[in-house]
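Asks: Just a sequence and a predicted model for now, questions to come.
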Amino acid sequence: MKCQAITRAGGKCVRPAVKGAKRCLLHTPGCAAQIGRKGGLRRRVFNPENLAPLEAPASAEDIAKYMAVTLVEVRSARLDPRLANSLAQIGMVFLKALEHGNLEKRIAALEKGPA
Ligand SMILES: [Zn+2]
């Protein structure tokens, strides 16, 4: 069921209603403030200043090291797990790019033939 509330702009709210209620979370009195507080809390807990400074990675070994640091930071609640997920994704892209670069070098060497 859709939320029954009317937005400030005068239209119907498009968010789904909370189960067993007529309104969405944002239009349930007190809930918006609670969500705001949670967001604020998350931002406070995951302050980037609490993170270990890292240089740009240059090797698969660097990525392995950074993923280990990331694991520790998530586990100790110093890093937002969602940010950690995106770091892991970027790390994977980086590793793929390294792999492609290495293959290109090896192919170029093979194409050049014996010296
Ligand atoms: Zn609503």
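Replies: Now that the structure is in, tell me what you want to look at. Numbering: from 1, shown residues only.

Asks: Tell me how this protein divides into domains.
Replies: 1-45, 48-112 (automatic domain parsing).

Asks: Go through those and find the least confident stretch.
Replies: Here those differ in mean pLDDT, and the lowest is domain 1-45 at a mean of 84.

Asks: Briefly note if that domain comes near the ion.
Replies: Yes: in terms of Cβ under 5 Å from the ion, part of domain 1-45 sits within range of the ion, namely 3, 5, 13, 15, 24, 27. (Each C-beta comes from the backbone N, C-alpha and C, glycine too.)

Asks: Distance check, residue 2 against residue 27.
Replies: Separation of residue 2 from residue 27 (Cβ to Cβ, to the nearest Å) stands at 11 Å.

Asks: Quick check: longest helix in the protein by residues?
Replies: helix 81-112 (DSSP state H).

Asks: Work out the gap between that helix and the centre of the chain.
Replies: 20 Å (Cα atoms, centre = their mean, to the nearest Å).

Asks: So which elements touch that helix?
Replies: Helix 81-112 makes packing contacts with helix 60-75 when contacts are defined by 3 or more Cβ pairs under 8 Å, 6 or more residues apart in numbering; DSSP states H and E.

Asks: tell me which strands and helices the helix it packs on is in contact with?
Replies: Using 3+ Cβ pairs under 8 Å, 6+ apart: helix 60-75 touches helix 81-112.

Asks: in the helix it packs on, what counts as buried?
Replies: 84, 87, 91, 94, 98 (16 or more other Cβ atoms under 10 Å).

Asks: Tell me the one of those residues nearest residue 57?
Replies: residue 94 (6.2 Å; Cβ to Cβ).

Asks: For residue 70, see how far away that closest one is.
Replies: Taking Cβ to Cβ, one finds residue 94 at 13 Å from residue 70.

Asks: Number of residues surrounding residue 73?
Replies: 20 (other Cβ atoms under 10 Å).

Asks: wait, isn't it in contact with residue 54?
Replies: No: with contact defined as Cβ atoms under 8 Å, residue 73 does not count as touching residue 54 (10.5 Å).
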